[in-house]
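Chemist: My questions concern the predicted model and sequence given below.
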Amino acid sequence: MRRIDLSLVETGSCWHPEIATIAGGSWRPAVFPALVGVITHPGEGTILFDTGYDPTFTAATRPLPERLYRWLTPPVITAPIADRLAAGGVDPAGIQHVVLSHFHGDHASGLLRFPNATVHCARAGLASVWGRGRLRALAAGTPAGLLPPDLPRRSAFFEDQPVVPLPSDLLPFESGADLLGDGSILAVPLPGHCPGHWGVLVHEARGLHFLVADAAWSSTAIRENRPPPRITSTLLGDTIQGRHTLSQLHALRTRNPELILTPSHCAERAAAEAS
Ligand SMILES: [Zn+2]
């Protein structure tokens, strides 16, 4: 795999009871950060893995019924990635690639801020929210108004990219989709959380790093193979697929403790990256 630089940025966070995310969790509200991967590629410049929370989310969830989303998972938006990049001298309009794990609002809210980017995503993910009408899109976790009107024209689907074998130390995961054709970003299906849910593997300075998006809400869930309760996984996606994906990540973690695994909302990983 071609090596790249990666940093994780916390765009904000939301609160909900821990028990909604992990079997045996507490009923007390817990903080779940919304992390974005910022990749620096030698040829393609800055590439994003997800876009996290953005003020677009606030605007899109102002009316009813979209406001229900905000009530269920109240966010605090601290550092929208587009603003963060602009403050660092990177023009969001110049970003050429955004990789989207899935279309839930806490991952896709920043898309409108990157009007010229190719959006790498799952065809199945886009199909689950595009042209579905306001209520069905909301039920799928994507409030109306979050997605750019020209998104289908700018999409490049994971399913269409060349499939390459993964290194044997990543078993039970065997192959990935080579998004840029140079082996630098390999997308891996992680089914179950919702339709068209994928993660990415990159080789960064510290070694292999698997950004697993919402295949788990915490590193603890992967270490201990503790899925969310059935009521959560059934509401969002496919419980059986999600539990299989989590058990695969648990097996990978057990076989390869050196690998860095980052769930998008893991407070432990966010703290480790901030320190
Ligand atoms: Zn999600």
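Modeler: Thanks, I have it.
Chemist: got the residues of the stretch 1-150 of the chain near the ion?
Modeler: residue 104 (CB under 5 Å from the ion). Bear in mind the C-beta positions are built from the backbone N, C-alpha and C, glycine included.
Chemist: at 6 Å instead, please
Modeler: 102, 104 (CB under 6 Å from the ion).
Chemist: of all of the stretch 1-150 of the chain, which residue lies closest to the ion?
Modeler: residue 104 (3.5 Å; CB to the ion).
Chemist: Counting neighbours, what do you get for that residue?
Modeler: Close neighbours of residue 104, defined as other CB atoms under 10 Å, add up to 26.
Chemist: Kindly report the same for residue 275.
Modeler: 5.
Chemist: Once you drop chain neighbours, what's closest to the residue of the stretch 1-150 of the chain closest to the ion?
Modeler: Spatial nearest neighbour of residue 104, chain neighbours left out: residue 141 (4.0 Å); criterion: CB to CB, 6 or more residues apart in numbering.
Chemist: which residues does that neighbour contact?
Modeler: 69, 103-105, 129, 194, 236 (CB atoms under 8 Å, 6 or more residues apart in numbering).
Chemist: redo that, cut-off 10 Å
Modeler: Residues near residue 141 by CB atoms under 10 Å, 6 or more residues apart in numbering: 69, 73, 102-108, 128-129, 193-194, 214, 235-237.
Chemist: ok so it is a helix residue?
Modeler: No - counting by DSSP: H, G, I helix; E, B strand; the rest coil, residue 141 is not part of a helix but coil.
Chemist: Show the pLDDT at it.
Modeler: pLDDT, residue 141: 89.
Chemist: do residue 84 as well
Modeler: The predicted local confidence for residue 84 is 96.
Chemist: Show me what the helix or strand hosting it is in contact with.
Modeler: Per DSSP states H and E: residue 84 is located in helix 81-87. Outside helix 81-87, the residues within contact range by CB under 10 Å, 6+ apart are 9-12, 34, 36-38, 46, 48, 50-56, 77-80, 90-95, 98, 109-114.
Chemist: what do you get if the cut-off is 7 Å, keeping everything else the same?
Modeler: Helix 81-87 is touched from outside by 9, 11, 36, 46, 48, 51-52, 54, 92, 110, 113-114, with contacts defined as CB atoms under 7 Å, 6 or more residues apart in numbering.
Chemist: Could you look up the next helix or strand downstream of it?
Modeler: Going down the chain from helix 81-87, the next helix or strand is strand 97-99, by DSSP H and E.
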